[in-house]
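Novice: Quick one, what's the 3D model for this:
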Amino acid sequence: MSFTISHSSSLRKRVIVTTRRHMSAVYGYGAQWTGALSRGRDNLINDEAPELSPEEIQQLGVSQSMVKLKGLDDMKCVAASAGWGHTAMIAQDRDNERKLMVCGRPHDFQTLMRLRRLPPFLRDFCVQYSLPLEGKDDSNGNSSTEPSMSMLQKIASFLAGENEVTFHEHEYRRYSNIPEMLEIKIPSGTALEGDRIDNEVFELHGRKNAAHSSKRSPLHTHYQSTLATSAGTTAVISKSGMLYMFGLNQRGQCGNGTFTPNVWNPSPIHGLASKRYILDHGTGIGENLFKEFNEQENPIVSVALGLQHGIALDSDGQVFCWGKGERGQIGQGRRLADDAEGQDDEPNENRTFEHALHVENFYDPYATKSAKEDIYAPLLSPSDSKIGLISAGMNFSLAVTSSNLLYIWGKNCVPNPSFSASDFNIRAKAVADSTYPRYVPGLPTNLQIMKVACGTHHAAMLLEDGSIWAVGVATDSPVPMWDEAVEVLSPGIVDSSEIISFQAGFDRTVIVSGLENGKRQVIEIQLWSNEELRQFGAVRPSYIDWLEQEDESQKVLSVHRGWMHTVVVTE
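Specialist: Next comes the predicted model:
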């Protein structure tokens, strides 16, 4: 299969505009009323760079313009993530100190949905008059003055669906809608992808000299993805290997052992250890044993967030899930030995948890049969079931084992064996939920999976030969393509050894790679059900044309797509 990279805008004469150099610049486009483009209070209701449709770009012969995010002066963005209504970044100042910066609506999802459905003029009114009131902050960041709400502000809050009691909380005033980048303090600072985990960090988590011990040598000695955002939630890994979260928590998606409406300050996830470790070291009683365990067995090296659940990977290759689990996102089910895709009615398989649980039921796809007395399908060996990579879609989770096997579990990610297209039962579905990690066939078994990334309804895998494969729901039609992976980019277009960023957001995956001439190649792909579309589906985004016109010397580091906005990090 051959692939062609197409340009999403017609060629035009290039005009170079000289701009002042910065340590780095972060650009974005899309809806500004969410605050996720960090343009300040005065620019919330003015879309300076609205997202253009592919048809508009093609027919008008224009490029997608962008605006520069404010609040990052004299700082370099070294990591970023775009959520449903907010943006989070790890920024590094001139003293190489890393700071977690956020803007937009990091504690909101329901109001975001309501506002989006309102007519623009009414939404603008609500946004303008429901901003947190500006009082003076003391040295500790506490508001020293509490101005009362005007009548217009009360009306706007009512229309936006705000709760008046919640509105008067100081935390809500400060964090509900952040129109420009705000620093969120993280204990011991933030870790970054590629950082080596110091031996002191292993000692902190009870693995003394683990990095030099052949008996207990960790699988992972470097951090992977250390920052993630979703619908009103943010997760970040600290330099000490601790995982912290803040944001909405009605479904336990912050994993701190509670079901409170919000977790305002970064808090550690509870239950990040194997059952054996918690039984030996926990202090709680009964079900509280796991809920109250706020330590970690090992440093966390990677984190990803779904809509209302999370997944984390520790240095020993153990994977954990927490939050909403009614559709199997937590991965606590088991596969029956005599049922190709059956699941046992276990008490934990479809529950929501306010703390993390170890996901350990990775069955062996190549096992011929189980022992007579075993009702479950045989599992991988402990060494083969250690996890190397993780990611999360809207309502599903993904993991790649150290033995190079791909597993997915969660909502509507299993082909329904009893489904027939000719069946007149309108209730029948082509897919079903999977409460346990399901092996995904289709990938070349002789090629290593190098990177993974998930959008809302698809998962993309980068292989060592540079090819990209995907499963999920197609963009061109709601066709479920979960049965086996399909190739969406052939080898030879990108060099897997030169990958700088491999990110997925909502309906697309964006790859940034280096070229021999020192420039960057940015490719955007989607999962298409039509094979011809897959052959010509690799696109060079038009905002790259705009960026080159602004300053040809700028190089793209990463691209992050949120629900209504996209963020482009450059250097």
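Novice: Residue 195 and residue 238: what is the separation?
Specialist: 11 Å (CB to CB, to the nearest Å). For the C-beta atoms, the positions are set from N, CA and C on the backbone; glycine is no exception.
Novice: With neighbour numbers in mind, choose between these two.
Specialist: Set residue 195 next to residue 238 and count neighbours by other CB atoms under 10 Å: residue 238 wins out with 22 against 17.
Novice: That one contacts residue 184, correct?
Specialist: No: the criterion here is CB atoms under 8 Å, and residue 238 misses it with residue 184 at 11.9 Å.
Novice: Going along the chain, name the strands of the stretch 351-500 of the chain.
Specialist: All strands of the stretch 351-500 of the chain, identified by DSSP state E, counting those that start in this stretch, fall at 353-359, 387-392, 396-401, 406-415, 431-439, 449-454, 458-463, 468-473, 480-489, 499-505.
Novice: what stretches of this structure score poorly on pLDDT?
Specialist: 1-23, 132-175, 206-216, 338-349, 369-373, 419-428 (pLDDT under 70).
Novice: Now do the helices in the stretch 51-200 of the chain.
Specialist: Secondary structure of the stretch 51-200 of the chain (DSSP state H, counting those that start in this stretch): helices located at 54-60, 110-117, 120-129, 151-160, 164-167, 170-175, 199-204.
Novice: tell me what the third one is packed against?
Specialist: Looking back up the chat, that one is helix 120-129. Helices and strands touching helix 120-129, by 3 or more CB pairs under 8 Å, 6 or more residues apart in numbering; DSSP states H and E, are helix 110-117, helix 151-160.
Novice: what angle sits between the shortest one and helix 120-129?
Specialist: By that I understand helix 110-117. Counting by axes from the mean of the first three to the mean of the last three CA atoms, to 10 degrees, helix 110-117 lies at 140 degrees to helix 120-129.
Novice: which helices and strands sit right next to helix 110-117?
Specialist: With contacts defined as 3+ CB pairs under 8 Å, 6+ apart, the packing partners of helix 110-117 are helix 120-129, helix 151-160.
Novice: Go through it and flag the buried ones.
Specialist: 111-112, 114-115 (16 or more other CB atoms under 10 Å).
Novice: Now do the contacts for the nearest residue to residue 496 once chain neighbours are set aside.
Specialist: Leaving aside its chain neighbours, residue 496 sits nearest to residue 466 (4.8 Å; criterion: CB to CB, 6 or more residues apart in numbering). Contacts for residue 466 were tallied using CB atoms under 8 Å, 6 or more residues apart in numbering; they are 489, 491-496.
Novice: Make CSV from those and add distance to residue 517 to it.
Specialist: Shown next, in CSV, are these (distance: CB to CB, whole Å):
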residue, distance to residue 517
489, 21
491, 21
492, 17
493, 16
494, 15
495, 13
496, 19
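Novice: and which of those is nearest residue 72?
Specialist: Relative to residue 72, the closest of the contacts of residue 466 is residue 494; by CB to CB it sits at 28.7 Å.
Novice: ok, which stretches of the stretch 201-350 of the chain are strands?
Specialist: 227-229, 233-237, 243-248, 262-268, 300-305, 309-314, 319-323.
Novice: quick check, nearest of the contacts of residue 466 to residue 350?
Specialist: The closest of these to residue 350 turns out to be residue 489 (CB to CB; 35.6 Å).
Novice: bridging residues for the residue nearest to the closest one when sequence neighbours are not counted?
Specialist: Leaving aside its sequence neighbours, residue 489 sits nearest to residue 468 (CB to CB, 6+ apart; 3.9 Å). Note on residue 468: beta-bridge partners by DSSP bridges are residue 462, residue 489.
Novice: before we move on, what about residue 336?
Specialist: Residues in beta-bridge contact with residue 336 (DSSP bridges): residue 376.
Novice: My guess is it contacts residue 375. True?
Specialist: Yes: applying CB under 8 Å, one finds residue 336 in contact with residue 375, separated by 6.2 Å.
Novice: Which one's more surrounded, these two?
Specialist: Ranked by neighbour count (other CB under 10 Å), residue 336 and residue 375 place residue 336 first, with 16 against 13.
Novice: From residue 325, how far out is the more buried one?
Specialist: Per CB to CB, residue 336 is found 20 Å from residue 325.
Novice: repeat for residue 231
Specialist: According to CB to CB, residue 231 stands 16 Å off from residue 325.
Novice: Which pair of the buried residues of helix 110-117 spans the longest distance?
Specialist: Among the buried residues of helix 110-117, 112 and 114 lie farthest apart (CB to CB), at 7.4 Å.
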